[in-house]
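Asker: let's see this in three dimensions:
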Amino acid sequence: MIAIEEAQRRVWSACPPLAPVEVAVADALGCVVAEAVVSAEDVPPFDNTAVDGYAVRAADTAGSPVELDVAGLLAAGQAPDRPLPAGGALRIMTGAPMPDGADAVVMVEDSEVLDGGHQVRLGAQVAPGEGVRRAGSDVRAGEVVLDAGTQLRPGHLGVLASIGRTRVRVVPRARVGVLSTGDELVDDGSALRPGQIRESNRTMLLAALVEANAVPVDLGTARDDEAELSEALRRGLAGCDAVLTSGGVSMGDFDLVKVLLDRLGEMQWMQIAIKPAKPFAFGLLAAPDGRPVPVFGLPGNPVSSLVSFELLARPALRSMMGHVAPRRPSVLAVADDALGRRPDGKVHFTRVHGGFAGDGRWHVRSTGPQGSHQLAATAGANGLAVLPDGSGVPAGGDVEVLLLV
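Answerer: Numbering: from 1, shown residues only. Below is the predicted model of the structure:
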């Protein structure tokens, strides 16, 4: 067996980032910026009011309350057509440009309309600049607003829109094919015959790829038939940046998946010192156009398939999509119940659920049965407790937890 760290090194080092592409800003959520983004303009582009109220010369509000002549009304989207005279006040709406001569804004809450709107009584003295957003106070022309390597969140898309960018250069989402294999699998909802089970891995992995911001490609479920498996793998290599297969990677099994993958390229068939998910396969196979396509051979047991995806495939795919920190974050948590195990030379990844408690620390409990086939208990997990070889962690003990949220 090999250590999980060695398996991760072999896999991740073979999965460099994809070539950058330009996409519409609206389609870039979750992608990683491939090059620094520099603003070509100031934001805001002009001095404007931060509140509804009256644009004034600050000096005219000294000794408030004061009564000033109303010089007109200006809404957002309009431009002032004359300077503000001394002793005047311009009724102004949030976001409207400041007129020449005005240097502050009195909030409408501090005003009283007089003489049918021709005058206003202002009850607050303001200083120059009060209530005003200065041009460039958010972004200056020539300023770097996004560094290369930034994962785009909703706020970043708003920044891009605010500087007039409609397209951005990013590392693209990886197109990842998912293929489940085995004569025993049923995925059409029909009644099970003796020896059959319902397919779940493909559904689970396709959803996991969406959550990872990849583009899932459903390659279907293939029987243990050479022609059927070959066609599914051919489609995956031709149309995808990576392929996940589920089933047929246990050492010693004579399986068509092994035969075909070895025929297509050089695969590494690993036995990793972890539980669950000990068997795993990885290789770079050639697409019809000559591109090297990473192929991840995941175990068939559903919990093992999910754990091996989280520990090996997901970080590799995130790295391919440009993420500088592709691993899941981890925390040092408190085990509210004992997380027991037996020494066996492996690192155990126990499925747990947890959250922050009153002491400000993350607390976890086991989600229940830990068998590699027991997906129902695993579905409630939001973390994987990392248990080194030994007897486990007692109640109240510290435990490293890989967060799945």
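
Asker: for the protein, give me the ranges with low pLDDT.
Answerer: Across the chain, the ranges flagged by pLDDT under 70 are 183-185, 196-197, 248-255.

Asker: how about the helices in it?
Answerer: 4-12, 154-162, 201-211, 226-239, 256-264, 302-308, 314-320, 375-378 (DSSP state H).

Asker: send me the shortest one as PDB with only the CA atoms.
Answerer: Once side chains and other backbone atoms are set aside, the C-alpha atoms of helix 375-378 remain, and they are given as PDB (Å, rounded to 0.1, in the frame of the first residue of the first chain):
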ATOM      1  CA  LEU A 375     -24.300   5.900   1.600                       C
ATOM      2  CA  ALA A 376     -27.500   6.900   3.600                       C
ATOM      3  CA  ALA A 377     -25.400   7.600   6.700                       C
ATOM      4  CA  THR A 378     -22.700   9.300   4.700                       C
END
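
Asker: hang on, the earlier thing: winner for burial among the helices of the chain?
Answerer: Each of the helices of the chain was scored by mean neighbour count; the highest is helix 302-308, a mean of 26, by mean count of other C-beta atoms under 10 Å. Yep, even glycine has a C-beta here, placed from its N, CA and C like the rest.

Asker: so which elements touch that one?
Answerer: Here helix 302-308 touches helix 201-211, strand 292-298, helix 375-378, going by 3 or more C-beta pairs under 8 Å, 6 or more residues apart in numbering; DSSP states H and E.

Asker: switch to 6 Å and redo it
Answerer: helix 375-378 (3 or more C-beta pairs under 6 Å, 6 or more residues apart in numbering; DSSP states H and E).

Asker: residues making contact with the helix it packs on?
Answerer: For helix 375-378, the surrounding residues in contact (C-beta atoms under 6 Å, 6 or more residues apart in numbering) are 302-303, 351, 367-369.

Asker: circling back: now the helices of the chain as CSV including distance to A148?
Answerer: Putting the helices of the chain into CSV (distance: least, C-beta to C-beta, whole Å) gives the following:
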stretch, distance to A148
helix 4-12, 20
helix 154-162, 13
helix 201-211, 24
helix 226-239, 28
helix 256-264, 35
helix 302-308, 31
helix 314-320, 15
helix 375-378, 37
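
Asker: ok, which of those comes nearest G290?
Answerer: Between G290 and those, the shortest separation by C-beta to C-beta is 10.7 Å, and it involves helix 226-239.

Asker: how close does V43 get to I163?
Answerer: According to C-beta to C-beta, to the nearest Å, V43 stands 6 Å off from I163.

Asker: same thing with L285?
Answerer: Separation of L285 from I163 (C-beta to C-beta) stands at 42 Å.

Asker: ok so, going back, if I look at V43 and I163, which residues touch both of them?
Answerer: Common contact partners of V43 and I163 (C-beta under 6 Å, 6+ apart): none.

Asker: need the nearest residue in space to L29, chain neighbours excluded.
Answerer: The shortest distance from L29 to any non-neighbouring residue, by C-beta to C-beta, 6 or more residues apart in numbering, is to L152 (5.9 Å).

Asker: brain fart, L206
Answerer: Per C-beta to C-beta, 6+ apart, closest to L206 is P216, 4.2 Å.

Asker: what's the neighbour count on that neighbour?
Answerer: Neighbour count of P216, defined by other C-beta atoms under 10 Å: 22.

Asker: start at 155, not 1
Answerer: Fine by me, first position is 155 from now on; the one you just mentioned is P370.
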